[in-house]
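S.K.: Sequence plus the predicted model coming up.
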Amino acid sequence: MSSPPDIPRPVSPTGQRWLWAALALASVLVVALGWQVGRMREDQRWLADRAVAPYVGMYVPRVALHGLDGRAIELGQPRGDSQVLFFFTTTCPYCRASLPQLKRVARQLPQASAGGAELIGVALASPGQARAYAREHALDFPLVAHDDRRTAALFRARKVPALLVIGRDGRVRYRHVGALNDKRTLRELLLAVRPAPPRAASSPAVAAAAARP
């Protein structure tokens, strides 16, 4: 004769509360783990971008070259308040598509920067290729031809077109990688070349008060 089947005991109210608490805790841990993994991936992407792409606040080197007109030009060392560098190649379609906006930049730059900014095109090409490109597209701002990609890598301009605004302190004020084809980019660029307002001189009374122990 077989024994009667075991009848499961009902869970007590206290046991139910502990069960729900354990499930809630497990859910929280799963969510927290997912958030942490997502954060780690974002940090990895951020570090990867920092390694290969320019960023605001980055220090750039000084590279002495010569323009197509023979004038000495030092990349990364503005003669005035800022220097705008446009890295491009003569075969890049996105670089070509950026030229109309770049010409607007060249026209508006003197007024926006109060004459303190200079636009320099950095062609990753031979001088002959750069001259032909400048004639074809009627580029009237200074150009440097330098086909050594290591120079572009120093400015982390591995992808073109790349535009950098460099301040007098040798740091990047603004960066844009990709085609220049919208008004927002133009506004941001012109804002980045605006000279900093002069610091107000303190009055003798304020200076004397500050010097008191």
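M.R.: Thanks, I have the structure now. Residues are numbered from 1 along each chain as shown.
S.K.: ok, which stretches of the protein are helices?
M.R.: For the chain, the helices defined by DSSP state H occupy 13-52, 93-112, 127-137, 149-154, 183-192, 204-211.
S.K.: Pick out the shakiest of these, pLDDT-wise.
M.R.: Lowest mean pLDDT within these: helix 204-211, a mean of 48.
S.K.: Gly167 pairs with what?
M.R.: For Gly167, the beta-bridge partners are Ser82 (DSSP bridges).
S.K.: Pull the number of nearby residues for it.
M.R.: 18 (other CB atoms under 10 Å). The way it works is simple: take the backbone N, C-alpha and C, and place the C-beta from them, glycine included.
S.K.: ok, Gly115 touching Arg79?
M.R.: No - contact criterion CB atoms under 8 Å: Gly115 and Arg79 do not qualify, at 10.8 Å.
S.K.: measure Ala26 to Leu19 for me?
M.R.: With the distance defined as CB to CB, to the nearest Å, Ala26 ends up 11 Å from Leu19.
S.K.: Next: Ala112.
M.R.: Taking CB to CB as the measure, Ala112 falls 66 Å from Leu19.
S.K.: neighbour-wise, which of the two wins?
M.R.: Counted by other CB under 10 Å, Ala112 and Leu19 do not tie: Ala112 has more neighbours, with 20 against 11.
S.K.: now the closest residue to the more buried one other than its chain neighbours: how far from Ala117?
M.R.: Leaving out its chain neighbours, the residue that sits closest to Ala112 by CB to CB, 6 or more residues apart in numbering is Leu190, at 4.1 Å. The spacing between Leu190 and Ala117, counted by CB to CB, is 9 Å.
S.K.: Which of the two has more residues huddled nearby?
M.R.: Shown here are Leu190 and Ala117; by other CB under 10 Å, Ala117 has more neighbours (26 against 20).
S.K.: Any figure for the gap between that one and Arg71?
M.R.: Taking CB to CB, one finds Ala117 at 17 Å from Arg71.
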